[in-house]
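S.K.: test case, fold it:
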Amino acid sequence: MRLFDSKHYAPLAALVVLALLSVSAQALEWPQEVSIKDGVIVIYQPQPESLQGNVLKSRAAISIEVEEVDHPIFGVMWFDARVDTDRGAGTALVRDIKVTKVGWPESTDAQEQRFTAVVEAAMPEAGLSFSLERLTASLSTAEVEQRSLEQLKTDPPVIIFSDELALLLMFDGKPHFSAIEGSSYERALNTPFLVVRDKKKGQSWMGSGAQWFSSSDPLGPWQPNAKPPADLLQMMPEDTAEAGESIKVDKVVVATEATELIATNGKAEWTALSGGALLYVSNTETPWLRELETGNMYVLLSGRWYRSKSQKGPWTFVRADELPVSFSDIPPASDIGGLRTSVAGTEEAEQAMLDAAIPQTTAIKRDEASLTVSYDGEPKFEKIKGTEVSYAVNTGSQVLAINGRYYAVDEGVWFTATMAKGPWVVADTIPDDEIGKIPPSSPVYNTTYVKVYESTPEIVYVGYTPGYMWSYPYYGVPVYGTGWYYPPYYGAYYYPRPPTWGLHVGYNPWTGWNFGVTWSNGFLTLGMSFGGGWNSPYHRGGWYGGGYRRPVVINTGDINIGNSVNIGNRDRVNRELGDRGNAQRPNIYNREGNRARNADNALARSELKRARPAPTRANDVFADRSGNVARRNGSEWEQRSNGQWQSDKANVARDKAANVSTQQAAKVQSRAQQMPDHNRQQINRNELNRSYDARQRGTRHEMNRSGMRQGRRR
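M.R.: The predicted structure follows:
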């Protein structure tokens, strides 16, 4: 069987099979090169066309070089695949590749069918590996599934300003205490802070190894620099005694409802941003800006913008796509450049949205994954309005009852059982339609972002998108929390639910959402469980570990991410950022307690021959959706035709004259896709320009990430 025209090409079917089977999941650089008999195949960076869940549809330019052909044979392959990701490692594996079409500019239908059949037979055993930065950037030209949160609650919390460093002590309603066994103390349950009260004397203590406060009333006022009793100190875990380095804070603000505290180190210091349209407060951790033209002030809280004429309010919500134009002009390298992630339409916001569409995935071994659910007494369920779903209220786990069966999510994995108390087994199917109806007003809403993709008798493939961790796309930017208040459960046990407010949440494109408490003295070791709840020295068990990352860094652009609004503590911030595990995003599947249940996909692929990076080749070959192959040469495009690269200057002149916009280009592309194949000869320059820009952006982000890692190793 001859796959190419006999005049120009050798019969390469067997060579292609061998080459594509040798593609490995090890090489991250592009293009990738694989050896074949008497030649090589070069695979250029794939260009995704759509991502739905973990299913990727893509195309890639390829070239085949063999001794008996005097020039490379350039073509395009289209394929469907599944994506496995590891945000901690910053990688994405494109696996189970099913080739749907292979062609080149001069190919006939018969040749394409024969060639596709050969490649399709080879590809399922091969895989390709991306860096997450490159994959994310490349999605800007693809159709990406982005389920926007329609019922997000945007009512502002109570916003309190303080011109001295202060702590926000949050209680979820009236303080509730529980006795500490074997002592005269009781601990506060409904706060992330360590608050302990002496039952006999009525005195309350708050703090850790760094600094303590005392009060006769847990609602305050609190006095700083207190000396707690010796027996209380002896009860403290050893690790809290080492929380030495801190900023001295003398003020505590107590809140029992949704509240955010904006504290400055002295009077607010307004600093002009280059361009003169905006001012920002430089001596606070909270993004706080003023637009000079209108005099409006803006604050950014949990990813939401609020506007007011004065600090006293009233504060009103402003959508990220309705901010003044001056916000889009914030220089990326400025002290507040990191805020661009929260300004719709910026490159940074677009990247955050694309990143949110990529699931974190893993393969779960059925026989290694287990779940035990504890209830406060007999299971109690509450119906979710508008659905056939009920959820268990008297447990810290997330348990759903649907049509006579039970489902539970634990650390990003679905389990199922015939009874509410179990026994639980890994679920290989879930009632997606019913689960998808759960509204944001429900405390189990985040479970709708955990999916089951496929399964074998031994393994179940699962994944979650950031919505599981309460991060959602909203009008072009990421926001934290739904804004809804979820009442806790009180009984013999206390089960809190995740809040949106009071955690001083800030977004970092490298690590995701960071939690704080405005100014911290080591009082808080904070982590929110996905089902809700606090992790602190006296609230252990069932929660995942977190940790306060102070301060909330506003500028997080490129490698030099120390340029931040943090009251002159940039040196310390740089040190802390350098110690954040290479500034990796969290992968809950890779937490210490979860690793044993993960299947090792690498073992199954270890016998495959490996592709190698091709550092001497430029990653400059692209394919448009019509199957034309083009090469970027400086600022111009060259089209592959009849075995040669030909200048596209005529097309450049035509587009300049017509001044084709991006929207117009999309219409042209749509019309071109409806035309017969023989009319699709001219490359789509606008489409290729977008692919080129996305590839450059992904390479730049990958280099920034690499630079951060190298800096930490040094």
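S.K.: next, count neighbours for Asn394.
M.R.: 20 (other C-beta atoms under 10 Å). (Glycine included, C-beta is placed from N, CA and C.)
S.K.: secondary structure element holding it?
M.R.: Counting by DSSP states H and E, no helix or strand carries Asn394.
S.K.: name the SS class of the nearest residue to it once chain neighbours are set aside, please.
M.R.: Spatial nearest neighbour of Asn394, excluding adjacent residues (C-beta to C-beta, 6 or more residues apart in numbering): Asp376 at 4.2 Å. Classification of Asp376 by DSSP: H, G, I helix; E, B strand; the rest coil places it in coil.
S.K.: phi and psi next, for Asp376.
M.R.: Per-residue torsions, Asp376: phi -90, psi 90 (degrees, to the nearest 10).
S.K.: wait, doesn't it sit right on Tyr490?
M.R.: No: Asp376 lies out of contact with Tyr490 (C-beta atoms under 8 Å); the separation is 9.2 Å.
S.K.: quick one, which of these two is more surrounded?
M.R.: Asp376 (18 against 15).
S.K.: pull the contacting residues for that one.
M.R.: 394-395, 489, 491-493, 495 (C-beta atoms under 8 Å, 6 or more residues apart in numbering).
S.K.: try 6 Å this time
M.R.: 394, 491-493 (C-beta atoms under 6 Å, 6 or more residues apart in numbering).
S.K.: please parse the protein into its domains.
M.R.: Following automatic domain parsing, one gets these domains for the chain: 1-144+593-618, 360-464, 630-714.
S.K.: in TSV: those domains, plus mean pLDDT and distance to Leu169.
M.R.: Shown next, in TSV, are the domains of the chain (pLDDT from 0 to 100; distance: least, C-beta to C-beta, whole Å):
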stretch	mean pLDDT	distance to Leu169
domain 1-144+593-618	71	30
domain 360-464	94	23
domain 630-714	67	34
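S.K.: how about these in TSV, adding distance to Gln211?
M.R.: Output for the domains of the chain, formatted as TSV (distance: least, C-beta to C-beta, whole Å):
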stretch	distance to Gln211
domain 1-144+593-618	31
domain 360-464	30
domain 630-714	30
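S.K.: which stretch among those comes nearest Phe213?
M.R.: Phe213 sits nearest to domain 360-464 of all those, at 28.3 Å, using C-beta to C-beta.
S.K.: from start to finish, how long is that closest one in a straight line?
M.R.: One end of domain 360-464 to the other measures 5 Å (C-alpha to C-alpha, to the nearest Å).
S.K.: please, where are all the helices along the chain?
M.R.: Assigned by DSSP state H, the helices in the chain fall at 13-21, 109-122, 132-138, 230-235, 325-328, 347-357, 432-435, 570-578, 601-605, 649-658, 662-673, 685-713.
S.K.: pull the contacting residues for Val462.
M.R.: Val462 neighbours (C-beta under 6 Å, 6+ apart): 364, 413, 452.
S.K.: beta partners of it?
M.R.: Beta-bridge partners recorded for Val462 (DSSP bridges): Thr362, Val452.
S.K.: one more: Ala188?
M.R.: Phe177.
S.K.: and it, what does it touch?
M.R.: By C-beta under 6 Å, 6+ apart, the neighbours of Ala188 are 175, 177, 195.
S.K.: could you measure from it over to Ser204?
M.R.: 8 Å (C-beta to C-beta, to the nearest Å).
S.K.: again with Ser216
M.R.: 7 Å.
S.K.: that older thread, highest neighbour count among the contacts of Ala188?
M.R.: Val195 (26 neighbours).
S.K.: which residues does it contact?
M.R.: 188, 206, 218.
S.K.: now these in a markdown table, with pLDDT and distance to Pro46?
M.R.: As requested, the contacts of Val195 are exported to a markdown table (pLDDT from 0 to 100; distance: C-beta to C-beta, whole Å):
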| residue | pLDDT | distance to Pro46 |
| --- | --- | --- |
| Ala188 | 89 | 53 |
| Met206 | 89 | 54 |
| Pro218 | 95 | 57 |
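S.K.: dump those to TSV, plus distance to Ala142.
M.R.: Below are these laid out as TSV (distance: C-beta to C-beta, whole Å):
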residue	distance to Ala142
Ala188	49
Met206	50
Pro218	52
